[in-house]
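Novice: The amino acid sequence is not available; the structure is as follows:
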């Protein structure tokens, strides 16, 4: 992103944050990497020749009174959590330690533990940064890739790492969700601010200036700065804040046709043309961004210009930030029939 200009921004919306917020899923096996706080490093796993794994979901018990685990699994309904198409692994040392492969298996509660589980390795990963395939992570730091749209109808997922290396696995955060590209670039009335509210100053009686720094940039992700890759310096300071205006957005870009976003019978009944079973939640701001961030409560990954190509030859990559919406309300202003303007304020968060 040359000189930090904003292009057509992309929002990586973490659906796992939403699942936790509504109380329908939680991490298993102790370590909690299913968050957007990569500085925590709660995903440490000791050296092992076996698979290291992390679970997230709401799992059936091993058995019930009848001794039939499948019966108990059926008591836990599948819930629509939207379209998944990206994975981000933040604050990791996998470039150093991974000797095998990583994968995510999406489990369906209706057929829990069956061969019907869907594996990320079968969904055609496309590298965004530092994740060319599920068997290759070249550098420590962070990795992002997109994959084929997958409808997350189940609730349980199993993240595994096959490793025969000589160093403990370290992962700060695993993010899974759906990305949303704005229909077009922001209007020229945009701003980028570097905030330094973590630095306070005071003048003494004698006129000297004293300063105290509580923070001036995001905390480090283990041995590297946030959004750094091993061998690549990433030196910035301040908390970034973007204020963006988007003009002449179609009503279809902003809101769904109706607020019944269930992909089951409700959507079929409301699909007046019967042409596309996913038409109601495909490509609008409310369904893909506001809904899964709880209106700004939950963090997401923001990319101001995803058109920048990642290259280890030229040392270029898109910029990213973990952000929240710094707004209490979201308003759209009609400027023509079915055409609206919208403003958003996006604040870097840690």
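Specialist: Ah, there it is. Everything numeric in this text was worked out from a predicted model, so none of it was measured.

Novice: Could you check how far residue 128 is from residue 201?
Specialist: Separation of residue 128 from residue 201 (C-beta to C-beta, to the nearest Å): 40 Å. All C-beta atoms are positioned from the backbone trio N, CA, C, and that covers glycine.

Novice: give the contact list for residue 238.
Specialist: Contacts of residue 238 were listed using C-beta atoms under 8 Å, 6 or more residues apart in numbering, and they are 194-196, 216-217.

Novice: The helix or strand that residue 192 is a member of - contacts with which helices or strands?
Specialist: Using DSSP states H and E, residue 192 maps to strand 191-195. Using 3 or more C-beta pairs under 8 Å, 6 or more residues apart in numbering; DSSP states H and E as the contact criterion, the elements in contact with strand 191-195 are strand 239-250.

Novice: quick one, the strand it packs on and strand 191-195 angle?
Specialist: Inter-element angle recorded for strand 239-250 and strand 191-195: 160 degrees (by axes from the mean of the first three to the mean of the last three C-alpha atoms, to 10 degrees).

Novice: just to revisit the earlier point, show me which of residue 128 and residue 201 is the more surrounded one.
Specialist: residue 128 (23 against 8; other C-beta atoms under 10 Å).

Novice: Was I right to think that one contacts residue 147?
Specialist: No - checked against C-beta atoms under 8 Å, the pair residue 128 and residue 147 is beyond contact range at 10.5 Å.

Novice: sorry, back to before: toward the C-terminus, what is the element adjacent to the strand holding residue 192?
Specialist: strand 199-203.

Novice: now what about that following strand, what contacts it?
Specialist: 209-214, 216.

Novice: does residue 286 sit in a helix, a strand or a coil?
Specialist: Per DSSP: H, G, I helix; E, B strand; the rest coil, the secondary structure class of residue 286 is helix.

Novice: Kindly report the same for the one 4 residues further on.
Specialist: Under three-state DSSP, residue 290 falls in the helix class.

Novice: Can you give me every residue that contacts it?
Specialist: Here residue 290 is in contact with 296, 330 (criterion: C-beta under 8 Å, 6+ apart).

Novice: any idea how far residue 8 is from it?
Specialist: Residue 290 is 19 Å from residue 8, by C-beta to C-beta.

Novice: likewise residue 237?
Specialist: Residue 237 is 27 Å from residue 8, by C-beta to C-beta.

Novice: what do you get for residue 100?
Specialist: Distance from residue 100 to residue 8, by C-beta to C-beta: 37 Å.

Novice: The stretch 151-300 of the chain: strands as residue ranges?
Specialist: Here the stretch 151-300 of the chain has its strands, by DSSP state E, counting those that start in this stretch, at 156-162, 171-181, 191-195, 199-203, 209-213, 239-250, 300-303.

Novice: So what touches the shortest one?
Specialist: Same thing as strand 300-303. Strand 300-303 is contacted from outside by 9-14, 17, 36, 88, 144, 175, 177, 242, 289, 293, 318-324, 346, using C-beta under 8 Å, 6+ apart.

Novice: That one: which residues count as buried?
Specialist: 300-303 (16 or more other C-beta atoms under 10 Å).

Novice: what does stretch 325-335 give?
Specialist: Neighbour-count burial for stretch 325-335 [16+ other C-beta under 10 Å]: 325, 330, 332.

Novice: swap in stretch 243-258?
Specialist: 243-244, 246-247, 249, 253-256.

Novice: re the thing from before, looking only at neighbour counts, state which of residue 237 and residue 8 leads.
Specialist: residue 8 (16 against 12).

Novice: So what's the residue count around residue 209?
Specialist: Neighbour tally, residue 209, other C-beta under 10 Å: 8.

Novice: ok, it to residue 202 distance?
Specialist: From residue 209 to residue 202 the distance is 7 Å (C-beta to C-beta).

Novice: For whichever strand or helix holds residue 335, which outside residues touch it?
Specialist: Using DSSP H and E, residue 335 maps to strand 332-336. The contact list for strand 332-336 (C-beta under 8 Å, 6+ apart) reads 247-249, 254, 340-342.
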